[in-house]
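In: Next comes the sequence, and after it the predicted model I'd like to discuss.
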Amino acid sequence: MSTAKLRLDKWLWQARFFKTRTLAARTISTEGVRVDGTRVSKPGRTISPGNVLTFVQAKRVRIVRILELGTRRGPATEAQALYEDLSPPEPPKEDRPPANPAYEGKGRPTKQDRRNLDLNRRRTLE
């Protein structure tokens, strides 16, 4: 039984983990990628279905199991069918500011605020 094989950099590009194949190759060469727990630093390393890849992508550790080898770099839905994501979920972002901060009287006053200020000033002068 012959198993299909594909270059690691080409598969990472086809699965849409990297925008270009050059970026995938550079990441493999500099930061390294683990294939079934073994560190690999050559983009030409062949992989096959069933391999587990561990690599860093945008400050996040990704762990994926290869389900299929692609034939082309297709749409995202096609790319997501090539792997199973085993990565732990991202922790919730607690330090994130609220979506719409409430006005606390800071900053430039609105037109209505200015009118109220003018009315109060007139009343105090009278």
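Out: Perfect, thanks for sending it.
In: show me where the protein has helices.
Out: 8-14, 21-30, 76-80, 111-125 (DSSP state H).
In: quick one: contacts of the first one?
Out: Read that as helix 8-14. 18, 20-21, 24-25, 27-28, 33, 35, 40, 42-47, 53, 55, 66, 69-70, 72-74, 79, 82 (C-beta atoms under 8 Å, 6 or more residues apart in numbering). Yep, even glycine has a C-beta here, placed from its N, CA and C like the rest.
In: So which of these sit within strands?
Out: 33, 35, 40, 46-47, 53, 55, 66 (DSSP state E).
In: can you redo those residues as CSV with neighbour count?
Out: Below are the ones in strands among the contacts of helix 8-14 laid out as CSV (neighbours: other C-beta atoms under 10 Å):
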residue, neighbour count
33, 24
35, 19
40, 18
46, 14
47, 23
53, 22
55, 22
66, 21
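In: Check the model's average confidence along stretch 53-68 for me.
Out: Here stretch 53-68 scores 93 as its mean pLDDT.
In: In contact with the residue minimising distance to the centre of the chain, which residues?
Out: In the chain, the centroid-proximal residue (C-alpha atoms, centre = their mean) is residue 58; its distance is 5.8 Å. Neighbour list for residue 58: empty [criterion: C-beta under 8 Å, 6+ apart].
In: Residue numbering should commence at 572 henceforth.
Out: Done: numbering now begins at 572, and the last item shifts to residue 629.
In: from memory residue 655 sits against residue 635, does it?
Out: Yes. Counting by C-beta atoms under 8 Å, residue 655 touches residue 635, with 6.6 Å between them.
In: ok, these two, which is more surrounded?
Out: Between residue 655 and residue 635, counting by other C-beta atoms under 10 Å, residue 635 is the more crowded of the two (20 against 12).
In: Return the set of residues that bridge with the more buried one.
Out: Taking DSSP bridges as the rule, residue 635 bridges to residue 624, residue 656.
In: I'd assumed residue 623 was in contact with it.
Out: Yes. Counting by C-beta under 8 Å, residue 635 does reach residue 623; the two are 7.2 Å apart.
In: Spell out which residues are contacts of both of those two.
Out: Counting by C-beta under 8 Å, 6+ apart, the shared contacts of residue 635 and residue 623 are residue 657.
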